[in-house]
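> A predicted structure for the sequence below; I have some questions about it.
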Amino acid sequence: MKPVIRVQQHDFSVAEEYQRLTQASNCGAVVTFSGLVRELADTELEAMTLEHYPGMTEQVLAGLVEQARQRWQLGDVTLIHRVGRLTLNEQIVFVGVAAPHRKAAFAAAMFIMDYLKTQAPFWKQEHTAEGSYWVAAKDSDQQAAQNWQEDL
Amino acid sequence: MKPVIRVQQHDFSVAEEYQRLTQASNCGAVVTFSGLVRELADTELEAMTLEHYPGMTEQVLAGLVEQARQRWQLGDVTLIHRVGRLTLNEQIVFVGVAAPHRKAAFAAAMFIMDYLKTQAPFWKQEHTAEGSYWVAAKDSDQQAAQNWQEDL
Amino acid sequence: MVKVKFFAALRERLQCAEHSVPVHAGESVAAVRAWLIEQHPGWRHELLEKDVLCAKNFVFVDLQEPVSSGDELAFFPPVTGG
Amino acid sequence: MVKVKFFAALRERLQCAEHSVPVHAGESVAAVRAWLIEQHPGWRHELLEKDVLCAKNFVFVDLQEPVSSGDELAFFPPVTGG
């Protein structure tokens, strides 16, 4: 099955994506992850802008999904990431994985998110009342991605 | 937030449950797991009947969610399990977890499913062309639940 | 008296969903099980199966758990939901 | 010539999104970076930052990666999507 990989400005529908993931009849487990724009503890976030590297982004995302497929027995996989200006509570990213077994579905969804966080060329700029700031990369995300390598 | 825990014969809507999970404004991560009735490799499955122990089931499910809440910082949690006769491709179980961080959302959803599989009083009877069979418990499910204890 | 329920494959094999059992002070789940086997020798094999689980008042317990009149016990096979 | 792109905070700090750089046979990403710093001394600090990432033709590469005319290079800060 060819995975669905989309980088887009407009919103996505988790309901529609879930529907599609359940079409194949041999996958008893479907895991979805959705990331949303949320207010942080210490800033009054109004919106964020997501920049990306067109051309490279799609290629990296396809590579992540392909790596997941090589590690686990999977059915359909969907990976959607939005770009442009997003306001509070909007959806940013969606990963959906169907698999015959729940363990593989969970692992693949986590793996894709962990790698996406450190390898996919997206950058977040947060807009608050005090100004706009580029988000700093997190060590915890680097660590999460590295843990999968030790897993091999 | 009081978790939503339901044991029911009728179907559920992942779209509606997802919508509800995203209401709280401080959770940037939402993970869902859905389990579906699927054809197995070696049998021609037509349907299954899910029996449960009314009274105990709800209590065990509430306990699982409470344990997850004590382990991770979570927002809304939804746990729905169907009972009665279910035909091929029907939805059986739904776990939805909202959390400030993706790691907690994934971990809690997996934890709840792993414990549900070994501790919640549900029993599956599969109906095939050749007859009806009670599903045997899997060692791999026991192992998955035990792994969380070593995690403590 | 305690009410004893059986579920799933165990209920089908015993051909019994619910049974009343008299209990005396200080008795345990093991005594209830022994009473059932005494009354229904044909149940011995099923009730002594190693993987049979027991709950008292909706909570998992082991055979040493004390029981009192009015308790609800249940015996059932390993669970297979999800 | 190679096309060099800059993204996000790096693009803003350099005030440059895209730059053409002449390359000679056998040169590496490091040579391209050195040429940019020579042309724009004010970029030195930003381009020498330890965490700056580089891609050649949409694939992550390190400074030793050889470059050829027609390649597309990109320099950018650690990614923060998801």
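That came through fine. In this text the structure is predicted, and so the values were computed from the model without any measurement.
> SS state for whichever residue of chain C sits closest to chain A?
Per CB to the nearest CB, C:Gly82 is where chain C lies closest to chain A, at 8.0 Å. The way it works is simple: take the backbone N, C-alpha and C, and place the C-beta from them, glycine included. With DSSP: H, G, I helix; E, B strand; the rest coil as the basis, C:Gly82 sits in coil.
> need the helices for the chain, in chain order.
Because you didn't say which chain, this covers chain A. A:14-21, A:56-71, A:102-119, A:139-150 (DSSP state H).
> oops, chain C please
With DSSP H, the ranges of helices along chain C come out as C:8-14, C:29-39, C:44-48.
> sorry, back to before: could you save the helices of chain A as JSON lines and add columns showing mean pLDDT and distance to chain B?
Formatted as JSON lines, the helices of chain A follow (pLDDT from 0 to 100; distance: least, CB to the nearest CB, whole Å):
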{"stretch": "helix A:14-21", "mean pLDDT": "97", "distance to chain B": "3"}
{"stretch": "helix A:56-71", "mean pLDDT": "97", "distance to chain B": "14"}
{"stretch": "helix A:102-119", "mean pLDDT": "97", "distance to chain B": "5"}
{"stretch": "helix A:139-150", "mean pLDDT": "88", "distance to chain B": "7"}
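> out of those, which gets nearest to chain C?
The nearest among the helices of chain A, by CB to the nearest CB, is helix A:102-119 at 8.0 Å.
> buried residues in that closest one?
The neighbour-count check on helix A:102-119 (16 or more other CB atoms under 10 Å in any protein chain shown) flags A:102-119 as buried.
> for chain A, which residue gets nearest to chain D?
For chain A, CB to the nearest CB, closest residue to chain D: A:Phe122, 2.5 Å.
> do chain C as well
Distance from chain D to each residue of chain C (CB to the nearest CB) is smallest for C:Gly82, at 28.5 Å.
> who in chain A is up against chain C?
Taking CB under 8 Å from any CB of the partner chain as the criterion, chain A approaches chain C at residues A:Arg102.
> can we see that at 10 Å?
Along chain A, the residues adjacent to chain C under the rule CB under 10 Å from any CB of the partner chain are A:28-29, A:102.
> export those residues to JSON lines and tack on distance to chain D?
Shown next, in JSON lines, are the residues of chain A next to chain C (distance: CB to the nearest CB, whole Å):
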{"residue": "A:Gly28", "distance to chain D": "27"}
{"residue": "A:Ala29", "distance to chain D": "22"}
{"residue": "A:Arg102", "distance to chain D": "22"}
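> turn those into a markdown table, including distance to C:Gly26.
Listed next are those as a markdown table, based on distance: CB to CB, whole Å:
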| residue | distance to C:Gly26 |
| --- | --- |
| A:Gly28 | 47 |
| A:Ala29 | 47 |
| A:Arg102 | 44 |
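> now flag whichever of the residues you listed is closest to C:Ala17.
Using CB to CB, A:Gly28 comes nearest to C:Ala17 of these, at 29.4 Å.
> ok, now which ones touch residue 51?
No chain specified, so I'll use chain A. A:83-84, A:121-125, A:134, D:7-9, D:11-12, D:76, D:80-81 (CB atoms under 10 Å, 6 or more residues apart in numbering or on different chains).
> let me rephrase: I mean chain C.
B:136-137, C:77-78.
> near A:Pro100, how many other residues are there?
The tally of other residues near A:Pro100 (other CB atoms under 10 Å in any protein chain shown) stands at 19.
> how near is it to A:Asp76?
12 Å (CB to CB, to the nearest Å).
> overlap of the contact sets of the two?
Taking CB under 10 Å, 6+ apart as the contact rule, A:Pro100 and A:Asp76 both touch A:24, A:27.
> return the residues of chain C in contact with chain A.
For chain C, the residues in contact with chain A (CB under 10 Å from any CB) are C:Gly82.
> and the closest residue to chain B within chain C, how far is that from B:Val14?
As assessed by CB to the nearest CB, chain B sits closest to C:Gly81 within chain C, at 2.5 Å. According to CB to CB, C:Gly81 stands 18 Å off from B:Val14.
> looking at the two, which is more packed in?
C:Gly81 (26 against 22).
> for the closest residue to the more buried one other than its chain neighbours, what are its contacts?
Closest residue to C:Gly81 apart from its sequence neighbours, by CB to CB, 6 or more residues apart in numbering or on different chains: B:Phe122 at 2.5 Å. Residues in contact with B:Phe122 (CB under 10 Å, 6+ apart) are B:7, B:50-53, B:57, B:60-61, B:81-83, B:92-93, B:116, C:7-8, C:79-82.
> picking that back up, any idea which of the helices of chain C is most buried?
Mean neighbours per residue, mean count of other CB atoms under 10 Å in any protein chain shown, is largest over the helices of chain C for helix C:8-14, with a mean of 19.
> quick one: that helix near chain B?
Yes - Helix C:8-14 reaches chain B (CB under 10 Å from any CB) through C:8-13.
> how about the nearest residue to C:Val32, chain neighbours excluded?
Residue nearest to C:Val32 in three dimensions, not counting chain neighbours: C:Val21, with 5.1 Å by CB to CB, 6+ apart.
> make that A:Thr49, sorry
Spatial nearest neighbour of A:Thr49, excluding adjacent residues (CB to CB, 6+ apart): A:Gln125 at 4.6 Å.
> distance of that neighbour from D:Glu38?
Look at A:Gln125 and D:Glu38: by CB to CB, they are 30 Å apart.
> is C:Phe76 in a bridge, and if so with what?
Beta-bridge partners recorded for C:Phe76 (DSSP bridges): C:Leu53.
> that one reaches B:Pro121, doesn't it?
Yes - between C:Phe76 and B:Pro121 a contact is recorded at 6.4 Å, counting by CB atoms under 10 Å.
> any common contacting residues for those two?
With CB under 10 Å, 6+ apart as the test, C:Phe76 and B:Pro121 both reach B:51, B:53, B:56, C:7-8, C:53, C:55.
> enumerate every residue touching residue 27.
Just so you know, I chose chain A. Residues counted as contacts of A:Cys27 (CB under 10 Å, 6+ apart) are A:1, A:21, A:73-76, A:97-101, A:104-105, B:36, B:38.
> meant chain C actually
C:2, C:21, C:34-35, C:66-69.
> which among those end up buried?
When those are checked for burial by 16+ other CB under 10 Å, the buried set is C:2, C:21, C:35, C:67.
> now pLDDT too, for those, in JSON lines please.
Below are the buried ones among the contacts of C:Glu27 laid out as JSON lines (pLDDT from 0 to 100):
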{"residue": "C:Val2", "pLDDT": "97"}
{"residue": "C:Val21", "pLDDT": "97"}
{"residue": "C:Trp35", "pLDDT": "97"}
{"residue": "C:Val67", "pLDDT": "98"}
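> among these, which pair sits farthest apart?
Of all the pairs that the buried ones among the contacts of C:Glu27 form, the one spanning the most space (CB to CB) is C:Trp35 and C:Val67, at 10.7 Å.
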